[in-house]
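[1] Just a sequence and a predicted model for now, questions to come.
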Amino acid sequence: MNSWRDKILNEFPPGIARLTLVADPDGLLLEEGVYEGIRQRGFELMPYEEPVAFRYAYESRFRSRWEDGEEINLVVLLQSAPRDLDRLPYDLLQLGRKLSFSLGSLFPNLSYSVVATLDRSDLDLLFDAQMKYAPKRLGDNDTKEFILRHVFEIAPEIIKESTDLLRFLLRRHYRDRQVPAFLDEYLIQVIRSHGRFEAWPLEQIVPNREAFFAFLQERWPIFLDSLAEGEQACEAAPQYGLAFSGPSLLPFDHPDIRVYVDNLFLEGLLQPVEHPRADVLMKTSATSAAYGLKVSSLENRHRRAKGLLDAVEKMIPSMEARYGQWIQFALRWGELNALAMHPEVSLPQGFRERLESLRTRIDHLFTEWVEEHYASLINLPPVSPIMVHHIPRYLARAPHAKIAFILIDGLALDQWLGLREELNALDSTLRFSENAVFAWIPTVTSVSRQAAFAGKPPIYFPGSIHNTDKEGSLWAQFWLDQGLARDEVEYAKGGELSEVEELLSRPKLRVIGLVIDKVDRIMHGMEMGAAGMHNQVRQWSREGYLRDLLTLLHRHGYRVYLASDHGNIEAKGVGRPAEGALADQRGQRVRVYSDPKSRAKTKERFPDSVEWEAIGLPEDYFALLAKNRTAFIRVGDVVVCHGGITVEEVLVPFVFVDRKD
């Protein structure tokens, strides 16, 4: 057996049963590789969560087709103990075979309570280690030690010096490696047990990526001073007013540390600073100070753009990549595009040609990857949101009394980065924990934004799939299902700050969803292409509305999350379909039909367009997508639009907004 997945997939030979009922308390079938393997064997998978919604999907998508003689194999997934299978509806129990899977059966000699906290992507390394080392029965602490060593490649006993600790933290946080909280607690306990690093703020910088980079940022000027004036002048460094405890001078020039430093500045994880002796330090080739020195805004941006282009070319995911690799890539790709579109940056022609060539390559690969893997993302558990409809379920788990969810309609990831820069200039106390999530395809408001508020795939709101009239009621219903009362939930669209403040003043309010449609309106009136779009988003952010909204929400004690429903791109026209009343929805990047024949007729005229499979969509929703960066508009015209399958349209920001104070 080469993988833990094999033990599961071996139970699903093609055609074995029309209906299979599975008890899966650990969500193993929802892991990306398992889910794809089951689908490749001819099975469709549907979680059993809310009985009414399940019954609607089951009757419309499966039972009616079985009665028509179609051969469809369905797996109904119950994320609870095997005994709970008997609580499923009688007609399912009569028809289906029963299976169950758990982490306990896959890793019998390891502590279940410890293994259950791991991300499912970590199970590959754990299974390999189990096969290789065949551990005897291990308790909690020994299991933690085994996982730290063989999954996360952390050997606490070799962390003896400052360089060892920094190397470990840089390696972990640069890769954004997620480690369960209790493993971090155990690791800190082991490190401190040797009497080392007592002054270091390990409880802050080990588990928290943003805190670690803030720790490095405030010590970077001290390192520069040490290069210019000598280490002795910087040992105490009382003038720096450090927010984090620990040594003031860090060994940034150590070979094991220096290898990370340039990339931290290039990718915006650390910010360059001004220094009175910058001209001298720039010439100090023995150090890696150059990227961390602010010489001029223009020169720094040019340097970052060149370095990011080199880095992005090396990190393009393959067809076999997991979704997490595309998310990490999209964040770096967004940084590069934000720099290229900056109003103060004029990049040389050779750079832009290289960027456009890279963009074409990425568009082609991403479209192929999405067509192969997108379906496996829908039902993944929202431990951290992967798609926009996961966001409400993730928020429902947040340990906080008040939640605010801001959705900026149409905001692309690269435009968010420009907006963030302007917000930081307006309010330096804001902090942003950034990630990205997948939008729904087609990337239009009525599909993806509704899903973000409904907390469900679009198949569950077919009646409003072409508009957003029921968005507020879908948001409210989600929270009612979580046990909140109606007066504890609110939804508002494009409201003035005074209107939002009136809502927040209601004493029982606990959850509020807010739609800001300014960016979408800018996009649909844009005549100056992608660069003009970036510039207008920046100008809007300088007006201060979003800053004031964040301030208002924080003042009222809300935990604030910000996201988008889809991004946008600059596209070139390939002609308008002459379809009359055939299309139910006529977007610039997508046409939607209620029957496949109408779609096929338009496809004949536009053979490069993509007939999108109705993944998670209503059965009568047939979308035709313009390929790459084309649009269904007059030939040769250029427009900023959305609806298709590019990284910029599909991967959108998901940000937790906090404050330093």
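    Here it is on my side, so go on. For clarity, every value in this text was computed on a predicted model and none was experimentally measured.
[2] And the pLDDT for the closest residue to L103 other than its chain neighbours?
    Counting by C-beta to C-beta, 6 or more residues apart in numbering, L103 lies nearest to D26, which is 4.7 Å off, once chain neighbours are set aside. (C-beta placed from N, C-alpha, C; glycine too.) Note for D26: predicted pLDDT of 92.
[3] How about residues contacting stretch 100-119?
    For stretch 100-119, contacts defined as C-beta atoms under 8 Å, 6 or more residues apart in numbering pick out 4, 7-8, 22-26, 28-29, 82, 85, 123, 126-127, 130, 135-140, 142-144, 146-147, 151, 178, 180, 182-183, 383.
[4] so how far is it from its chain's centroid?
    When C-alpha coordinates are averaged (C-alpha atoms, centre = their mean, to the nearest Å), stretch 100-119 and its chain have centres 26 Å apart.
[5] List the buried residues of it.
    Across stretch 100-119, burial judged by 16 or more other C-beta atoms under 10 Å covers 100-103, 106-107, 110-111, 114-115, 118-119.
[6] do the same with stretch 551-563
    Going by 16+ other C-beta under 10 Å, stretch 551-563 has these buried residues: 551-554, 556, 558-563.
[7] Same question for stretch 149-166.
    For stretch 149-166, by 16+ other C-beta under 10 Å, it's 150-152, 154, 156, 159, 162, 164-166.
[8] ok now it, how far from the chain's centre?
    Put simply, stretch 149-166 sits 28 Å off its chain's centre (C-alpha atoms, centre = their mean).
[9] ditto for stretch 642-655
    Relative to where its chain is centred, stretch 642-655 has its mean C-alpha point 11 Å off (C-alpha atoms, centre = their mean).
[10] how long is it end to end?
    This stretch, stretch 642-655, spans 21 Å end to end (C-alpha to C-alpha, to the nearest Å).
[11] So if we follow the domain assignment, how does the protein break up?
    4-101, 318-374, 376-566, 571-647 (automatic domain parsing).
[12] R576: neighbouring residues, count only.
    By other C-beta atoms under 10 Å, the residues close to R576 number 16.
[13] list the contacts for it?
    632-634.
[14] And for N300?
    Here N300 is in contact with 272, 294 (criterion: C-beta under 8 Å, 6+ apart).
[15] Just say helix, strand or coil for it.
    On the three-state scheme (DSSP: H, G, I helix; E, B strand; the rest coil), N300 is labelled helix.
[16] Any regions of the chain where pLDDT drops low?
    1, 230-239, 283-288, 579-584, 661 (pLDDT under 70).
[17] Going by distance to L249, which of the buried residues of stretch 551-563 wins?
    H554 (34.4 Å; C-beta to C-beta).
[18] Now that closest one. Nearest residue, chain neighbours left out?
    Nearest one to H554, counting by C-beta to C-beta, 6+ apart, is R659 at 5.9 Å.
[19] cool, and L21?
    G96 (4.2 Å).
[20] re earlier: select from the buried residues of stretch 149-166 every entry located in helices.
    150, 162, 164-166 (DSSP state H).
[21] what's the most distant pair in the residues you listed?
    H150 and S162 (25.8 Å).
[22] still on that earlier bit, generate CSV for the domains of the chain, with distance to K306 as supplementary columns.
    Output for the domains of the chain, formatted as CSV (distance: least, C-beta to C-beta, whole Å):
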stretch, distance to K306
domain 4-101, 34
domain 318-374, 7
domain 376-566, 17
domain 571-647, 21
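[23] give me the number of residues near E604?
    For E604, the neighbour count with other C-beta under 10 Å is 8.
[24] Using PDB, write out every CA atom in the host helix or strand of it.
    Taking DSSP states H and E as the definition, one finds E604 inside helix 596-605. C-alpha atoms of helix 596-605 as PDB (Å, rounded to 0.1, in the frame of the first residue of the first chain):
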ATOM      1  CA  PRO A 596     -27.100  22.500 -23.800                       C
ATOM      2  CA  LYS A 597     -28.200  22.900 -27.500                       C
ATOM      3  CA  SER A 598     -28.400  26.700 -27.300                       C
ATOM      4  CA  ARG A 599     -24.900  26.700 -25.700                       C
ATOM      5  CA  ALA A 600     -23.600  24.400 -28.400                       C
ATOM      6  CA  LYS A 601     -24.900  26.600 -31.100                       C
ATOM      7  CA  THR A 602     -22.900  29.600 -29.800                       C
ATOM      8  CA  LYS A 603     -19.900  27.400 -29.200                       C
ATOM      9  CA  GLU A 604     -19.900  26.600 -33.000                       C
ATOM     10  CA  ARG A 605     -19.200  30.300 -33.700                       C
END
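[25] following it, which helix or strand comes up?
    Following helix 596-605 in sequence, per DSSP H and E, is strand 610-612.
[26] in that next one, what's buried?
    Buried residues in strand 610-612 (16+ other C-beta under 10 Å): 610, 612.
[27] Adjacent strands (with direction) for it?
    The pairing partners recorded for strand 610-612 under DSSP bridges are strand 622-625 (antiparallel).
[28] what sits up against whichever helix or strand comes after the strand it pairs with?
    Beyond strand 622-625 on the C-terminal side, the first helix or strand identified by DSSP H and E is strand 630-631. Applying C-beta under 8 Å, 6+ apart, the contact partners of strand 630-631 are 571-574, 588-589, 608, 637, 639, 641.
[29] Among the residues you listed, which one has the most neighbours?
    Neighbour max across these (other C-beta under 10 Å) = R589, 29 neighbours.
[30] For L562, see how far away the nearest residue to G557 once chain neighbours are set aside is.
    Ranked by C-beta to C-beta, 6+ apart and with sequence neighbours excluded, the top spatial neighbour of G557 is K402, at 5.3 Å. Separation of K402 from L562 (C-beta to C-beta, to the nearest Å): 15 Å.
[31] Please enumerate the strands of the stretch 401-550 of the chain.
    Using DSSP state E, counting those that start in this stretch, the strands found in the stretch 401-550 of the chain span residues 403-408, 430-438, 489-493, 511-516.
[32] who's the residue nearest the centre of the chain bridged to?
    Centroid check for the chain by C-alpha atoms, centre = their mean gives A436 as the closest residue, at 2.7 Å. In this structure, A436 bridges to P653 when assessed by DSSP bridges.
[33] Run a quick check on it versus V652, I expect a contact.
    Yes. If you go by C-beta atoms under 8 Å, A436 and V652 touch, sitting 6.5 Å apart.
[34] Name the residues contacting each of these two.
    In contact with both A436 and V652: L413, using C-beta under 8 Å, 6+ apart.
[35] Next, count neighbours for R177.
    So R177, with other C-beta under 10 Å, has 15 neighbours.
[36] Quick check: the gap between it and A396.
    For R177 relative to A396 (C-beta to C-beta), the value is 26 Å.
[37] circling back to that earlier point, output the ones in helices among the buried residues of stretch 149-166 as JSON lines; include the columns distance to L45.
    Shown next, in JSON lines, are these (distance: C-beta to C-beta, whole Å):
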{"residue": "H150", "distance to L45": "30"}
{"residue": "S162", "distance to L45": "49"}
{"residue": "D164", "distance to L45": "45"}
{"residue": "L165", "distance to L45": "44"}
{"residue": "L166", "distance to L45": "44"}
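[38] elements contacting the helix holding E604?
    strand 590-593, strand 610-612, strand 622-625 (3 or more C-beta pairs under 8 Å, 6 or more residues apart in numbering; DSSP states H and E).
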